[in-house]
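Asks: sharing a sequence plus its predicted fold:
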Amino acid sequence: METIRLTTAQALVKFLHQQYIAIDGEEIPYVAGVFTIFGHGNVLGIGQALQEDPGHLQVYQGKNEQGMAHAAMAFSKQLNRRRIFAVTASAGPGSANLVTAAATAFANNIPMLLLPADTFASRQPDPALQQLEHEASYALTTNDAFPAVSRYFDRIQRPEQLMSSLLRAFEVMTNPATAGPATLCLSQDTAAEAYDYDVNFFRKRVHYVNRQLPTQREVTGAVERLQNSHRPVIVVGGGARYSGAAAILQTVAEKHSIPLVETQAGKATISSAFTYNLGGTGILGTSAANQVVAEADLIIGIGTCYSDFTTSSKTAFGKNTSFINININRMQAYKWEGFQVVADARAGLEAIAAQLGDYQTAYGNQLQTYKAQWQAERERLATVVFERERFEPEIKGQFSQTILNEYADALQTNLTQTAALIAVNDTVDPTSIIVGSAGSLPGDLQRLWQATVPLTYNLEYGYSCMGYEVAGALGAKLAAPEQEVYAAVGDGSFLMLHTELVTALQYNKKINLLVFDNAGYGCINNLQMAHGSDSYCCELRNEHDTIMKINYAQVAEGYGAKGYSVTTKTELIAALKDAQMQTVSTVIDIKVLPKTMSDGYDSWWHVGVAAVSNKASVRAAYQAKELQLRDAKRY
């Protein structure tokens, strides 16, 4: 056996060079690069290995561990999970900062390789710098937080352990049914320890992703149920996007007059302009999608996990609605007691479509009517204007007119969030990618953003993690360098994590940040006030109870980005056009009024409302919730 003497870290990097993925006959390198913040525990191991022989791997210096891991996630998401970045962090707090991003990737089924440094395997220096000490066990470290947020987890304490662990990690990441973060903790002494590795371990490896076909029983059962239905609806989930099911979805919808509705992960699989695409469904859905879902006798879920936002907390569907679930993951296929088709989304739908014959739904022209009605509503939201003496917010639990006037004066704006977002959508190039994650913006994005070019919508909503937006824009830009990338980010999320803007500037990867500043955490304030509470700790007010005035454009300019401050639609459109001509990253500080986002459209969200309160409005909200639960369908 021919061997090569390498450190564990060197062997890891050498292995990454040789991993390929093959889907539908296309073979490409699987690992694009490594995001890193070097520190105690990884700089002398992985750092040394990358410095000496990075191969084809692109190495980027991150600014925050959570941020760079979010960028890795957005990169893989944008490329439909066909490529990944590895992420390495230092021992202790550096690695702990990866946990939130790991959970985000886990919830969204997005693969990435996490390489947190760990304490000494030998335990000789214990307690080492940044090591936790547990009385019950010296084996417990910071990295024991990762098993709950990893699809695969291992701790490397001997050089030879690396071989079996890496093979398992790549099997998990390249398997569509289990895709998600794989975490390999590298003990810092082990990372630098030498071993004589078999050279065959470093041969080119191709991870073949074969499309799992449905059984004939599954196809026959699905066809029978579909042909017996009159008002079926297809829910387009993330699995439909990742499998490349756009063409067959469009064919099925057109031939059989079946409406399509979208989850956040599934949006932009099909163009928003497609006749049978009624838009987002559920709590953040359009009136068209929610109407057709409520009337459906059959739901065909394709690659969806049926989150509470998709199902309106299990109240979106009728009592007699049945389900067909096409999903590569058997657990997801079982939801709602649906008829299970455990298969690749594209392959499963193609097999069913081949046996549908001339089947037609009973919708007639109704779908076009629903879509036209929603388009009219979108046009209304695009032109909503703040009137100081007579303004009706779009949401329940509204501020008083006096407080809205106070915000208008403090932010020097009359601009509504819906009008601003639609103006962005109507101005930027249709090939532009929009990135988002948390707050009220995901609702407006799912309802109002018209993604006419497929795969231009990169929203993280499996975990709704504040801070994904800016880092996600960087990841999307790395995946699609020829396209403009915009992050729609609230001021709360921007304050929480925006440091990968500096990384974008450092490596000249242009991104455009749209900071919607309503001086607070508007989404949660809506939730609070809509359920009977007063506004409390969700507005950005100082000790004098005055609204804070933050100039985010100046923050951006301090980093070296091009900044714009806008308070009107005219200024916003001008800034967007100028930003598109820039070669440097841009930040547009958009001052918008609170309570001017979209909301409702026959949806309901089950949240915990206090059962005991001194406020009559809270007690009323609790009773309303209890009444709503009587009609909820639970599985």
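Replies: Everything's here; your move. Numbering: from 1, shown residues only.

Asks: contacting residues for Val236?
Replies: Contacts of Val236 were listed using CB atoms under 8 Å, 6 or more residues apart in numbering, and they are 249, 260-263, 266-267, 269-270, 302-304. The way it works is simple: take the backbone N, C-alpha and C, and place the C-beta from them, glycine included.

Asks: any chance of the backbone angles for it?
Replies: Backbone torsions of Val236, given as degrees, to the nearest 10, read phi -90, psi 110.

Asks: what are the phi and psi angles of the residue nearest to the spatial centre of the chain?
Replies: Nearest residue to the geometric centre of the chain (CA atoms, centre = their mean): Glu460, 1.2 Å. Dihedral pair for Glu460: phi -100, psi 110, per degrees, to the nearest 10.

Asks: that one touches Ala471, doesn't it?
Replies: No: the pair Glu460 and Ala471 fails to qualify as a contact (CB atoms under 8 Å) at a distance of 10.0 Å.

Asks: contact partners for the residue nearest to the centre of the chain?
Replies: Counted by CB under 8 Å, 6+ apart, Glu460 has contacts 70, 73-74, 77, 104, 108, 436-437, 468, 472.

Asks: residue ranges in this protein under the pLDDT threshold?
Replies: 389-398, 631-635 (pLDDT under 70).

Asks: please parse it into its domains.
Replies: Per automatic domain parsing, the structural domains of the chain span 3-208, 216-373, 383-591.

Asks: and of these, who's closest to His606?
Replies: domain 216-373 (3.5 Å; CB to CB).

Asks: now do the end-to-end distance for the closest one.
Replies: 40 Å (CA to CA, to the nearest Å).

Asks: picking up where we left off before, out of the domains of the chain, which gets nearest to Lys615?
Replies: Using CB to CB, those put domain 383-591 closest to Lys615, at 5.8 Å.

Asks: which residue, other than its chain neighbours, is closest to Thr251?
Replies: Leaving aside its sequence neighbours, Thr251 sits nearest to Ala353 (CB to CB, 6 or more residues apart in numbering; 6.7 Å).

Asks: go on, Glu27?
Replies: Here the residue nearest Glu27, using CB to CB, 6+ apart, is Tyr20, at 5.5 Å.

Asks: that neighbour: what secondary structure?
Replies: Three-state call for Tyr20 (DSSP: H, G, I helix; E, B strand; the rest coil): strand.

Asks: pull the number of nearby residues for it.
Replies: Residues near Tyr20, counting by other CB atoms under 10 Å, number 15.

Asks: can I assume it is in contact with Ala32?
Replies: No: applying CB under 8 Å, one finds Tyr20 not in contact with Ala32, separated by 11.9 Å.

Asks: can you list phi and psi of the residue lying closest to Ile23 once chain neighbours are set aside for me?
Replies: What sits nearest to Ile23 in space, not counting adjacent residues and going by CB to CB, 6+ apart, is Val209, at 4.7 Å. Torsion angles at Val209 (phi, psi; degrees, to the nearest 10) stand at phi -110, psi 100.

Asks: residues touching Val209, list them.
Replies: Taking CB under 8 Å, 6+ apart as the test, what Val209 contacts is 21-23, 174-176.

Asks: so how far is Leu115 from it?
Replies: Distance of Val209 to Leu115, computed by CB to CB, to the nearest Å: 23 Å.

Asks: do Tyr152 as well
Replies: Counting by CB to CB, the gap from Tyr152 to Leu115 is 13 Å.

Asks: what is the nearest of the contacts of Val236 to Lys477?
Replies: Lys267 (19.5 Å).

Asks: quick check: that closest one is in a helix.
Replies: No: assessed with three-state DSSP, Lys267 is coil; it does not lie in a helix.

Asks: which element is Ala376 on?
Replies: Secondary structure from DSSP states H and E places Ala376 in helix 366-382.

Asks: got the contact list for that helix?
Replies: 257, 259, 275-276, 278-279, 286-288, 291-292, 394, 416, 418-419, 422-423, 426, 447-448, 598.

Asks: next step: those residues restricted to strands.
Replies: Assigned to strands by DSSP state E, the following of the contacts of helix 366-382 qualify: 278-279.

Asks: now do the same contact list for Pro430.
Replies: Neighbouring residues of Pro430 by CB under 8 Å, 6+ apart: 452-453, 456.

Asks: in CSV, list the residues you listed along with distance to Asp409, neighbour count and secondary structure.
Replies: As requested, the contacts of Pro430 are exported to CSV (distance: CB to CB, whole Å; neighbours: other CB atoms under 10 Å; DSSP: H, G, I helix; E, B strand; the rest coil):
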residue, distance to Asp409, neighbour count, secondary structure
Thr452, 38, 13, coil
Val453, 40, 17, coil
Thr456, 37, 26, coil
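
Asks: any idea how far the nearest residue to Gln528 once chain neighbours are set aside is from Gly490?
Replies: Nearest non-adjacent residue to Gln528, counting by CB to CB, 6+ apart: Cys538, 6.1 Å away. The gap separating Cys538 from Gly490 is 12 Å, by CB to CB.

Asks: how about Gln623?
Replies: 32 Å.

Asks: more crowded one of these two?
Replies: Neighbour count, other CB under 10 Å: between Gln623 and Gly490, Gly490 has more, with 28 against 12.

Asks: could you measure the closest residue in space to that one that isn't next to it in sequence against Leu381, distance?
Replies: Spatially, and ignoring its direct neighbours in sequence, Gly490 is nearest to Gly439 (4.0 Å; CB to CB, 6+ apart). The gap separating Gly439 from Leu381 is 17 Å, by CB to CB.

Asks: same question, Thr141
Replies: Counting by CB to CB, the gap from Thr141 to Leu381 is 50 Å.

Asks: who has more neighbours, those two?
Replies: Set Thr141 next to Leu381 and count neighbours by other CB under 10 Å: Thr141 wins out with 24 against 21.

Asks: contacting residues around the closest residue in space to that one that isn't next to it in sequence?
Replies: Take Thr141 and drop its neighbours on the chain: the residue closest to it by CB to CB, 6+ apart is Thr119, 5.1 Å away. With contacts defined as CB under 8 Å, 6+ apart, Thr119 is in contact with 91, 126, 128, 131, 141, 187-188.

Asks: cool, and Ser322?
Replies: 225, 229, 297-299, 338-339.

Asks: closest to Gln412 among these?
Replies: The closest of those, once distances to Gln412 are taken by CB to CB, is Ile299, at 46.8 Å.

Asks: chain center to the strand or helix carrying Tyr486: distance?
Replies: Assessed by DSSP H and E, Tyr486 sits inside strand 485-490. Averaging C-alpha positions (CA atoms, centre = their mean, to the nearest Å) puts strand 485-490 13 Å from its chain's average.

Asks: tell me what it is packed against?
Replies: helix 417-427, strand 433-436, helix 441-448, helix 468-479, strand 512-517 (3 or more CB pairs under 8 Å, 6 or more residues apart in numbering; DSSP states H and E).

Asks: dump the ones you listed into a markdown table; add mean neighbour count and distance to Ala316 as well.
Replies: Shown next, in a markdown table, are the helices and strands packed on strand 485-490 (neighbours: other CB atoms under 10 Å; distance: least, CB to CB, whole Å):
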| stretch | mean neighbour count | distance to Ala316 |
| --- | --- | --- |
| helix 417-427 | 22 | 23 |
| strand 433-436 | 28 | 22 |
| helix 441-448 | 25 | 14 |
| helix 468-479 | 31 | 26 |
| strand 512-517 | 28 | 28 |
